[in-house]
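Asker: Just a sequence and a predicted model for now, questions to come.
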Amino acid sequence: MAADSDPESEVFEITDFTTASEWERFVSRVEEVLNEWKLIGLSAGSVNPEKGEYTSGTWGEKCLDINFADFKFYITHYFLKQECEKDNGKDKLEEDSFPLAMQDLLCMNNDFPPRAHCLVRWYGIREFVVITPGTNCEAIISESKCNLLHSSVSIALANSGCQVPMFVQIQQKWRRVYAGECQGPGVRTDFEMVHLRKVPSQYNHLSGLLDVFKAKIGCNLSPLPPINIAIRFTYILQDWQQHAWPQQPPDFDTLLGGEVGGVEFGKLPFGACEEPIRELHLATTWPHLAEGIVVDNDVYSDLDPLQAPHWSVRVRTADNPQCLLGDFLTEFFKLCGRKESTEEVLGRGMPEEEGKENSDISSALSKLTEPAAAVPISKLSVSNIVHSARKHIRRHRHTDESPLKTDVLNSVLLYLFPDAAVEKSSESSRNRSAPTITSGIAEQEKGPDSNLYQHLKSAPSDSLTYRLALCVCLVNYTYGGLRAVAHLWQEFVLELRYRWENNYLVYGLAAGPPDLRCCLLHQKLQMLNCCIERKRARDEARKVLEGNRGRERKVSGGGPSDRPTAEAAAGSTREVSPGKSWDSWSDSEDEFFECLSDQGEGEAAHAEGDKEGSKVKAEGRLHPQGNMTLLNSTEPLYIPVTQEPAPMTEDLLEEQSDVLAKLGTSAEGTHLRARMQSACLLSDMESFKAANPGCALDDFVRWYSPRDYVEEEVEDEKGNMVLKGMMSSRMMIPGNMWVEAWESARVTPARRQRRLFDDTKEAEKVLHYLAVQKPADVTQNLLPCILHAAILKLKEEESVEDIPSVKKSIQQAISQASKLLHTLSHDYKKLEDFISQLMALETAITQARSLKAKFATCEGGTAEDTEELEKFVSSLLEDPEVVVLGAGQGPAGSIIHRLFINSQRAALLSPMEDEFGLEKKPGGGSNKVPDFPPPAGREILLRTCVPRPAPYSKALPQRLFCVLMKEEFRLAGAFSSDTTFF
């Protein structure tokens, strides 16, 4: 049985030739893609594209991945988006009509398009499919692989009936060599290409290329059908020596020279430090030539660029030219990533000095917390101790180690604080400085960009914060980088502390609470100004009280009609105790708010004089509230003097909201949150009770929240209609916070209450916040201001040049910056990209300025020439290629011609020869120096329509595009043949 089973167990290999191979799968996949893109069927009947449509039109692109075994290819469909064909055009389709690509081979409307795919330029086709190797795949170099791919394309086109030409990229990618095919009913076009590094001598002219073209088409007809010739020569101008760049870089040594009035400090630099236009390409074109009209061989050529009927120009700009504004912004932005603190950058004093400094500060803090002080509080301030510590540090720092020189630092500080000299001169001028702080800002608000800082969360353009940003940017770029910035910031903070200690308002800040629409640093400075204003007001009130007290001691027997005595008596009632001096209860500066608005106190004193027997005396009255009286008596209802709410910056508001949110939603948390939020309400209630003895909660609600006190007409016992008031339903809720606050409120006037806004504490918090800022933190806080200044500078420069595209881009940049800067934490990667956009705008403006200088009209130019040149320069910046009206004889052509002449003389003549050669005629005939250099590139396009391959075949389009350059020779041919009659 075993022997019998052996033959049955043998395995025979069977080859199934019906199984598709990898090549067949690849061809099938190509056919599927063509069907998916609906490229099957006739494509004839379309009208010829309009002139210039290949450049101005929109090109579409579709791409898919296909595989040949494990080799990846990209198949891409390129097509010109055109309007839909009319319905009557479909009736003209014929089965034997030429494919669309064959019609495009002979079309002359889009020769030499400046911006298009290379195959569009070489073959003039408007739709095609390209198969290219994958990104990481090797190039198709071997002849067998190239033939295999070409065969795959032929089979796919034949099987699918697609009339769109299909190309395969072969050889190395940088060579841009393609082989392709287009099939139609009874016709076929082969796209072939030759690419060499050097131009063969026999084909270095038109006559040799014509011989190649005639030999390839192999037409035996006599005479030969005419060949249409189009020629373009391109000349490159690189030497701008004879035309100086119009902007000179600023002399940074003179920035601080002379009077400092903000002329240099208040502006950012602008413009390129090098020529932003790298090259000018002049293309001279002969669009329609016949074979016998022009002569171009190895001996002689008729192709003179000055005689070309068509000129066009394009410019090549410098890659990232160095521009001043961009450099300033880039260096400023780099500081945002530094980690060093101010102390690490500037260095510290000796260790023993550090110990003394720490001990001094700690002792100062301990003395400040004592309940009573033996010396005046001003001598125990932290600022005095810090000043002494700074002096110790400065003793150990050599003068030559200071990052900023004294004169530079003084000039910067004088620019930042121009009121410093005035304020130090007299006390009266200090008091008059407050109105001048906002006068410039008020004028600035009238400008067209007055609200730009709100969109960018920056600061007004003449505020201290804005000027500080400009100074930090200038100091960073010009006077020492990080160390100079740290030094300037340290001196800036010391100046602020000096102003706080001496009651000098900070110049350049709008009055009022912090503006939350501005950056955080600006808000902090405004908060410091609020503290200084409160402190100055308290000092003024103290002087008034001391003056009243002094007059009271001098007056010994004044009558009741003596007004100063009455005021002194009223003033004495506002003291804590008659025997205590103001300085003796030093904690009052932290615990109490000294009322500044005591209007009506004199009148209140007279009214209280008539009620000497009353137990409770009214205090802190402002004025009566109309004719209203208290509900429980006939006394008028007085509006009390209240504390102003505490100003807050956005970080304090966020901190407060976080604290309130952390209390949770429990009953206890809700109750605590309500009490924290009712501090201002409790203060107003205490002030109201002090101003209106014997009042009730209803009286307070009538003044504070009239809508919560409802009055209705009711009938009394006698039948008369009277008004009866009652609290609203909201106030009647059990456990209402208003009721609890009223019950807990004491009878305390505003000047004796604990301050809602402790200006001393808040000022020290602001100064501490500023003192601990690292240079990187400073630049991050000032970044919105410097971007604001950069945008204003761009708008200013653009208005001079009037470039519509740049103007539109600036508006888009403002919208983008508004989104980026209105967040507490900035996305610095996006901000870096945004700065790059601003640099590109600066480059565009400098390019326009350079071109306008080069194409400026001469003194004898007409207004029409000037207008034409302005349009020409504007088009150069917008369009890829601009036609020169009048070719070499027009105003722009004459300037271009002169530029080439100057460049040739500078390159080929010595200075002496150039000087003597100026009198020679510029036409170039008798000059030994040609007007134009040899063309950098020559493009020759040959077209005809002949029967091929036999004389009795259909007459089909033939095309050869030739490119002759110094290191490139390319022939791109499209040769059609009749596949029916051959």
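Answerer: Yep, it's here.
Asker: can you map out the strands along the stretch 751-900 of the chain?
Answerer: Secondary structure of the stretch 751-900 of the chain (DSSP state E, counting those that start in this stretch): strands at 882-884.
Asker: which residues does Y178 bridge with?
Answerer: Q169 (DSSP bridges).
Asker: any idea how far it is from L149?
Answerer: 11 Å (CB to CB, to the nearest Å). For glycine as for every other residue, the C-beta is placed from the backbone atoms N, C-alpha and C.
Asker: Overlap in contacts, these two.
Answerer: With contacts taken as CB atoms under 8 Å, 6 or more residues apart in numbering, the residues that reach both Y178 and L149 are V168, I170.
Asker: Residues touching the lengthiest strand in the chain, excluding its own?
Answerer: Secondary structure of the chain per DSSP state E: the longest strand is strand 277-289. The contact list for strand 277-289, computed with CB under 8 Å, 6+ apart, reads 108, 111-112, 228-238, 240, 294, 303, 305, 308-319, 847, 850-851, 854, 881, 887, 896, 899-900, 936.
Asker: which one's the longest helix in this protein?
Answerer: helix 520-554 (DSSP state H).
Asker: which helices and strands does it pack with?
Answerer: helix 464-478, helix 481-501, helix 563-572, helix 650-662, helix 759-771, helix 775-801 (3 or more CB pairs under 8 Å, 6 or more residues apart in numbering; DSSP states H and E).
Asker: And the host helix or strand of F961, how far out from the chain middle?
Answerer: Using DSSP states H and E, F961 sits in strand 955-965. Chain-centre distance of strand 955-965: 48 Å, with CA atoms, centre = their mean, to the nearest Å.
Asker: buried ones in the helix or strand following that strand?
Answerer: Per DSSP H and E, the first helix or strand lying C-terminal to strand 955-965 is strand 968-978. Neighbour counts using 16 or more other CB atoms under 10 Å place F969, R970, L971, A972, G973, A974, F975, S976, S977, D978 of strand 968-978 among the buried residues.
Asker: how about JSON lines for these, with pLDDT and distance to R746 added?
Answerer: Shown next, in JSON lines, are the buried residues of strand 968-978 (pLDDT from 0 to 100; distance: CB to CB, whole Å):
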{"residue": "F969", "pLDDT": "96", "distance to R746": "101"}
{"residue": "R970", "pLDDT": "96", "distance to R746": "97"}
{"residue": "L971", "pLDDT": "96", "distance to R746": "103"}
{"residue": "A972", "pLDDT": "96", "distance to R746": "98"}
{"residue": "G973", "pLDDT": "96", "distance to R746": "103"}
{"residue": "A974", "pLDDT": "96", "distance to R746": "101"}
{"residue": "F975", "pLDDT": "95", "distance to R746": "106"}
{"residue": "S976", "pLDDT": "94", "distance to R746": "106"}
{"residue": "S977", "pLDDT": "93", "distance to R746": "110"}
{"residue": "D978", "pLDDT": "91", "distance to R746": "112"}
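Asker: And the closest residue in space to E711 that isn't next to it in sequence, how close does it get to E713?
Answerer: Distances taken as CB to CB, 6 or more residues apart in numbering place G725 nearest to E711, at 4.4 Å, with adjacent residues excluded. In this view, G725 and E713 are 11 Å apart by CB to CB.
Asker: Of these two, give the one with the bigger neighbour count.
Answerer: The neighbour comparison of G725 against E713 (other CB atoms under 10 Å) goes to G725, with 12 against 8.
Asker: In CSV, list the C-alpha atoms belonging to the host helix or strand of the more buried one.
Answerer: Using DSSP H and E, G725 sits within strand 721-727. The C-alpha coordinates for strand 721-727 follow below in CSV (Å, rounded to 0.1, in the frame of the first residue of the first chain):
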residue,chain,number,x,y,z
MET,A,721,-54.3,107.8,49.2
VAL,A,722,-50.7,107.7,50.5
LEU,A,723,-47.5,106.3,49.2
LYS,A,724,-46.2,103.3,51.1
GLY,A,725,-42.9,101.7,50.4
MET,A,726,-41.5,98.3,50.9
MET,A,727,-38.5,96.2,50.0
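Asker: helices or strands up against the helix or strand that that strand is followed by?
Answerer: Counting by DSSP H and E, the next helix or strand C-terminal to strand 721-727 is helix 737-744. Applying 3+ CB pairs under 8 Å, 6+ apart, we find helix 737-744 packed against helix 679-691, helix 697-704.
Asker: Residue ranges in the stretch 851-982 of the chain under the pLDDT threshold?
Answerer: The model of the stretch 851-982 of the chain has pLDDT under 70 over residues 857-861, 910-927, 982.
Asker: again, but for the stretch 251-400 of the chain
Answerer: Ranges of the stretch 251-400 of the chain meeting pLDDT under 70: 251-264, 348-400.
Asker: For it, just list every one of the strands.
Answerer: Going by DSSP E, counting those that start in this stretch, the stretch 251-400 of the chain shows strands at 277-289, 310-317.
Asker: Counting neighbours, which of the contacts of strand 277-289 end up buried?
Answerer: 111-112, 228-237, 240, 303, 305, 308, 311-315, 317-318, 847, 850-851, 854, 881, 887, 896, 899-900.
Asker: I'd assumed G161 was in contact with I40.
Answerer: Yes - under the criterion of CB atoms under 8 Å, I40 makes contact with G161 at 5.5 Å.
Asker: Point out the ones among the contacts of strand 277-289 that are inside helices.
Answerer: Counting by DSSP H, those contribute Q847, S850, L851, K854, I896, L899, F900 to helices.
Asker: and the fourth one, what does it touch?
Answerer: Which is K854. Going by CB under 8 Å, 6+ apart, K854 touches W240, H243, I277, I895, L899.
Asker: which ones are touching the residue nearest to I236 when sequence neighbours are not counted?
Answerer: Once flanking residues are discounted, I236 sits nearest to A936: 4.6 Å by CB to CB, 6+ apart. For A936, the contacting residues are T234, Y235, I236, H281, M965, K966, by CB under 8 Å, 6+ apart.
Asker: Which two among those residues are spaced furthest apart?
Answerer: H281 and K966 (14.7 Å; CB to CB).
Asker: Who has more neighbours out of those two?
Answerer: H281 (17 against 12).
Asker: What residues are bridge-paired with the more buried one?
Answerer: H281 has these beta-bridge partners by DSSP bridges: I236, R314.
Asker: Could you measure from it over to R551?
Answerer: On the measure of CB to CB, H281 and R551 end up 90 Å apart.
Asker: Repeat that for D759.
Answerer: 28 Å.
Asker: cool, and R115?
Answerer: Counting by CB to CB, the gap from R115 to R551 is 89 Å.
Asker: pLDDT score for P513?
Answerer: If you check P513, the pLDDT there is 84.
Asker: so it touches N529, yeah?
Answerer: No - P513 is beyond contact range of N529, at 9.9 Å (criterion: CB under 8 Å).
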